[in-house]
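Chemist: how would this look folded up:
(chains A and B)
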Amino acid sequence: MVKNKITLPPSTVLRLVGDYLSSRLREQLKSVAFIVIYLVAFQMLVFGRAPAQALVIAGGIALVVVGLALFLEGLILGLMPLAQRVGIQLTSHGGLKIIIPIGFCIGAGATFAEPAIAALRAVGSTICAWDAPLLFFLLQQRPEWLISAIAIGVGIAAAIGLMRFYLGFSIKPIILGVLALVLPISVLAAHSSNLAAVLGLAWDAGAVTTGPVTVPLMLALGVGISRSSGRSESAADSFGTVALASVLPVLTVLALGILLLPHVPQPCSEEEFFSPAMRPQAVALLGGDDALRAYALRMGSAAARAQFAAAGDPDGSGSGGGAIGVVGVSDAGVAANDTSLLGLLREESGHAARAVLPLTVFLALILFLLLRDRPRYLDEVALGITFCLLGMCLLGIGIRVGLSQLGNQVGARLPQVYRDTTVEKGQIVIKDFDPAILIPAASRAGGSVRVFQLLDGQKVQTLTFNPDWYNEVERVYTHHVRTSPLIHPELTRIGLLLILLFAFGMGYGSTVAEPALKALGRTVEDLTVGTVKSVAIIRAVSIGVGIGLIVGVIRILYNIPMTWMLLPPYLLLFPLTIANDDDFAGIAWDCGGVTTGAITVPLVLAMGLGLGEQLNIADGFGILAMASVYPILTVMLFGVAIRMRERTFARAAEGANDHE
Amino acid sequence: MSEQLQTIHRVTCAIRRERNHGAMEQLGNIGLRSVFVESGRCVRRRRRSRPFGLPGFSERLEDSPIDVIHFSVPPELSEPVVQRLASALQINQPGHGTIFTQECRSFFQNPLTAAAPIVDQDDYPPGLLRDLALITCITSISGTGEELARVALELGTGVPVVTLGAGTGLRDRLGLLRITVPSEKEIIRLLVPAWDAEGLMRMLIEKGRLNRPGRGFIYCSPVAAGILDSSLLVGPQQHAATIEQVVAAIDRLEKSTAWRRRFPVLDPDSGFSLQSRSEKITLICQEEFAGKYADVAIAAGAGAATSARLQQISLGDAPGGACERCTFVVRSAQSKDILNALTSAQDDIGVTLESLDVEPVDFSFSYRAEASRFFRRGGTKPS
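Modeler: Below you'll find the predicted structure:
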């Protein structure tokens, strides 16, 4: 389009590209640094160990940095301009009758493409059919129904959101209305033991659907539509769709649960589940006799298997299935089977393609075929989409190889902080050990133990003699040095504090690096012409996620019902939403949806799952829902603070002459 | 397409966002059918007592969101309209906003000629000054805007109005390599006393380091009449009136800013050479089409273009929507060609221009112009 193209000398090109790369990489390095340093420091200071496989992890983190930089750049160059253009053209060409179906398709399509949905299934894989039959049924037997329900929710949300931009009505009544519907239903659902188990899933599903590709697309579409509608007088009012997309699926998933409720048995004990009386229902739940038998062998305890056999197992394979039974209960959370780099690459590129391509192709088709338009810089958009694909792929590999490894290492040791297990630190092997040196000593518990003194360098220390460690034949005593657990069986204050601190840092650090949040922050900064800084938004959200994780962990530790933890913040949000300006209310609600993205979900879910498993709690769900409601709260408060500051400032600027 | 250029006055008004509704009502009453709105921020100094009763004050820049509204009116109506708006929105009081009109030649009839405005001639707002100039600075490095705003505030000229834009031109000619050059620009508009405009501009060039490559571009254009926002510093007040109020009061009495002229007559050869004999072309079209017009203008000889996003707000029956404004500062000799190219390109592009104005530019400065002058001089010396 421009004829007189400039060709630059190679040195200048190198300098330009070098500046460009270094600035982008530096930015991402800064945002990832916190979580990495935090995890390593936690591991070294609290557990006294250097991270294992440090080199691999470092490589993974490097990949995360490069991936994030590429992905974000791709969003800015390709996806967001494309979506914005579509938004602008949609308003001028079609009007409502095109905007609504397209909004629905984009929302629903985004859900099917979202890789994080698979993460939800992984979390649910440890759920037993008898503990929570409905949850089991949704996750294991009919995941496609579940995903469809979520997709319908997100689709409706997107349609409403885009319609709102076009017509220019306020987001507040919609969000508050939906909430007024969802909250009572959730409270009622908590009374049915079957539905209560689904509650966590429902709230998490809403949080999960709004991933790193969907959010920027929705934002950009919204910006385009609301800008070109010419109705709204405030250009910054282009938020709120993401929020709806994270609340409406709660409604649809719960509705699905209520519909299915009559068709699943009530939660019961394992024996009851496999007892003949329950047989018809159990068969219906598992979808056949054979499936039930296989399930009993795989998941059931010996007693259950025996009962199954007693109940008339024709093959009598009840005892023979023991070997399979052990395999079944491995940690399904981290389903990384093919850990070779090539395998990872194949898998992650598949994820990336699924997340990026369908939506962009759909948008591009709408733009080219339906709206007969093309972006101004087609090459730039194409490059951006390539960046997105590449970035997402690298990011995925990096997270699995590096970041979540590091997170898991810390997470797996976290229970040490409160569990009554001693950890072996090392051994002292004493040759030619003479039992004659043993001295009897009294013990507090009563009775006597034998101790001996050991000259270790310059110091004499007294050690307790353990007969099991003494090899009488070789006269060798192997003393095992153990560190006592930091805390004792019950949670003590310091143990709790450490866990909560960990949860907060994890939430804060992973959110700071979240690409979708950066896209949101930039959009906000752009639309407010810099009066609301992107950094400030990111910080407010990250603190919110940190607080949310603390609350989520407390819920898991003390097994507090979901409703108790979700209701108060949501109720608090009602007055805050009304008090805030329209645009800031939208921004805050969107932040809630944005938080649970590519980096947060794997890290946080792994932590929730680990803790839940240690404490024998059926599900680690709900933690994501907490991670999305508290940021809304913090951003709302931030918004109120900004408005108050602005008002006092403006009043002060005008004040001097107001009495005239 | 009538090639007849018609003189109009463009009114620009920057007010706090909360006052937007009031302003729209006033503008609707005047008889305008639609106006263009751009969101921006204005920067002021904020002084606070130190916490815990520590002595002294802490000071930093604080910004507040504003809306920049512009529209054009026939020349004879410009002052009455400005007066009416100013008195309705109390712009003549420091801290309430900035308003100014500029004379330009337009290709289009403006919407106000149809409806006669109802303007009460009696409410003349004191404070309307006729010896002002507008310095516009377009910087490409984020942060420079803040720096320039600080300089402007420290010089005590007026409250800077900052908006966002995007640059095209040189960047587009780099091919795909353009992604390495950020296109985002900050546009800083500063209303200054005309007497000091040149001196202030030189100072801004120096402080903003605009004489280095890739940093930005600055120009100064005449203003027919306007009201400065002089509320530069917000904070505890130690006297009966702030110095800004005193200055504003004397300005009102003098009806001029000549009394506070501070820069001596400058030696034209010292420092940077400012380009004179330039013109600024401003076009407004439907969103996403400014790029195409920019290509046309650049092909016709314009050096670079700055585009910004606007919203056309409908006040009556006129359609509203997303618009884009594109500005080019060109040498006067070139402007006719570019204007012709732009008007004749309308059929090819398929989207008509909403407005196309030309206004004079007193001085402009860019690294490129400076560099080419330098090289020309350097090249001629040996021969």
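
Chemist: Sketch out the helices for the stretch 151-300 of chain B, chain order is fine.
Modeler: Secondary structure of the stretch 151-300 of chain B (DSSP state H, counting those that start in this stretch): helices at B:197-207, B:243-254, B:290-299.

Chemist: Tabulate those in CSV, adding columns for mean neighbour count.
Modeler: Any C-beta I mention is one placed from the backbone N, CA and C, and that applies to glycine too. Formatted as CSV, these follow (neighbours: other Cβ atoms under 10 Å in any protein chain shown):
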stretch, mean neighbour count
helix B:197-207, 20
helix B:243-254, 16
helix B:290-299, 23
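
Chemist: wait, is B:Phe365 part of a helix?
Modeler: No - assessed with DSSP: H, G, I helix; E, B strand; the rest coil, B:Phe365 is strand; it does not lie in a helix.

Chemist: how deep is it tucked in, by neighbour count?
Modeler: Neighbourhood size, B:Phe365 [other Cβ atoms under 10 Å in any protein chain shown]: 23.

Chemist: low-scoring stretches of chain A, by residue?
Modeler: A:1-4, A:115-127, A:230-237, A:298-339, A:412, A:414-426, A:482-492, A:605-606, A:608-622, A:655-660 (pLDDT under 70).

Chemist: what's the answer for chain B, then?
Modeler: In chain B (pLDDT under 70), the answer is B:1-4, B:109-127, B:142, B:265-271, B:317-319, B:373-383.

Chemist: tell me, what residue is most central in it?
Modeler: B:Arg189 (4.3 Å; Cα atoms, centre = their mean).

Chemist: Now do the same contact list for that residue.
Modeler: B:12, B:14, B:134-136, B:160-163 (Cβ atoms under 8 Å, 6 or more residues apart in numbering or on different chains).

Chemist: circling back to that earlier point, do you know which of the helices of the stretch 151-300 of chain B lies nearest A:His479?
Modeler: A:His479 lies closest, by Cβ to Cβ, to one member of the helices of the stretch 151-300 of chain B: helix B:197-207, at 72.9 Å.

Chemist: With just CA atoms, put the closest one into CSV.
Modeler: What follows is helix B:197-207, C-alpha atoms only, in CSV (Å, rounded to 0.1, in the frame of the first residue of the first chain):
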residue,chain,number,x,y,z
ALA,B,197,5.2,30.8,22.6
GLU,B,198,8.5,30.6,20.7
GLY,B,199,10.6,30.8,23.8
LEU,B,200,8.5,28.2,25.6
MET,B,201,8.7,26.0,22.6
ARG,B,202,12.4,26.1,22.5
MET,B,203,12.5,25.3,26.1
LEU,B,204,10.2,22.3,25.7
ILE,B,205,12.3,21.0,22.8
GLU,B,206,15.4,21.2,25.0
LYS,B,207,13.8,19.7,28.1
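
Chemist: I'd like to know which elements it is packed against.
Modeler: Using 3 or more Cβ pairs under 8 Å, 6 or more residues apart in numbering or on different chains; DSSP states H and E, the elements in contact with helix B:197-207 are strand B:132-139, helix B:144-155, strand B:216-222, strand B:363-366.

Chemist: same thing but 10 Å
Modeler: Here helix B:197-207 touches strand B:132-139, helix B:144-155, strand B:184-193, strand B:216-222, strand B:363-366, going by 3 or more Cβ pairs under 10 Å, 6 or more residues apart in numbering or on different chains; DSSP states H and E.

Chemist: Quick check: A:Leu72 touching A:Val213?
Modeler: No - counting by Cβ atoms under 10 Å, A:Leu72 stays clear of A:Val213, with 11.9 Å between them.

Chemist: what touches both of the two?
Modeler: In terms of Cβ atoms under 10 Å, 6 or more residues apart in numbering or on different chains, A:Leu72 and A:Val213 are both contacted by the residues A:388, A:515-516, A:519.

Chemist: Mind picking the two most distant members of those?
Modeler: Among the shared contacts of A:Leu72 and A:Val213, A:Cys388 and A:Ala516 lie farthest apart (Cβ to Cβ), at 12.0 Å.

Chemist: Mutual contacts of the two, please.
Modeler: Common neighbours of A:Cys388 and A:Ala516 (Cβ under 10 Å, 6+ apart) are A:71-72, A:75, A:212-213, A:216.

Chemist: quick check, the lengthiest helix in chain A touching chain B?
Modeler: Ranked by residue count and defined by DSSP state H, the top helix of chain A is helix A:10-46. Yes - Helix A:10-46 is in contact with chain B by Cβ under 10 Å from any Cβ of the partner chain, via A:12-13, A:15-21, A:23-24.

Chemist: need the residues you listed in JSON lines with distance to A:Gln427, can you?
Modeler: As requested, the residues of helix A:10-46 next to chain B are exported to JSON lines (distance: Cβ to Cβ, whole Å):
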{"residue": "A:Thr12", "distance to A:Gln427": "63"}
{"residue": "A:Val13", "distance to A:Gln427": "61"}
{"residue": "A:Arg15", "distance to A:Gln427": "58"}
{"residue": "A:Leu16", "distance to A:Gln427": "59"}
{"residue": "A:Val17", "distance to A:Gln427": "56"}
{"residue": "A:Gly18", "distance to A:Gln427": "53"}
{"residue": "A:Asp19", "distance to A:Gln427": "55"}
{"residue": "A:Tyr20", "distance to A:Gln427": "55"}
{"residue": "A:Leu21", "distance to A:Gln427": "50"}
{"residue": "A:Ser23", "distance to A:Gln427": "52"}
{"residue": "A:Arg24", "distance to A:Gln427": "50"}
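
Chemist: Pull out the buried positions in the helix or strand in which A:Ala157 is found.
Modeler: Following DSSP states H and E, one finds A:Ala157 within helix A:143-167. Across helix A:143-167, burial judged by 16 or more other Cβ atoms under 10 Å in any protein chain shown covers A:143, A:146-166.

Chemist: Going by neighbour count, list what's buried in the very next helix or strand once past that helix.
Modeler: Using DSSP H and E, the next helix or strand after helix A:143-167 towards the C-terminus is helix A:172-189. When burial is assessed from 16+ other Cβ under 10 Å, helix A:172-189 yields the following buried residues: A:172, A:174-175, A:178-179, A:182-183, A:185-187, A:189.

Chemist: Please tabulate those in CSV, including the columns distance to chain B.
Modeler: Formatted as CSV, the buried residues of helix A:172-189 follow (distance: Cβ to the nearest Cβ, whole Å):
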residue, distance to chain B
A:Lys172, 18
A:Ile174, 23
A:Ile175, 23
A:Val178, 28
A:Leu179, 28
A:Val182, 33
A:Leu183, 33
A:Ile185, 38
A:Ser186, 37
A:Val187, 39
A:Ala189, 42
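
Chemist: Nearest to A:Ala503 among those residues?
Modeler: Nearest to A:Ala503 among those, counting by Cβ to Cβ, is A:Ser186 at 23.3 Å.

Chemist: what residues are up against the closest one?
Modeler: Residues counted as contacts of A:Ser186 (Cβ under 10 Å, 6+ apart) are A:195-196, A:199, A:202-203, A:250-251, A:254, A:562-563, A:566-567, A:570.
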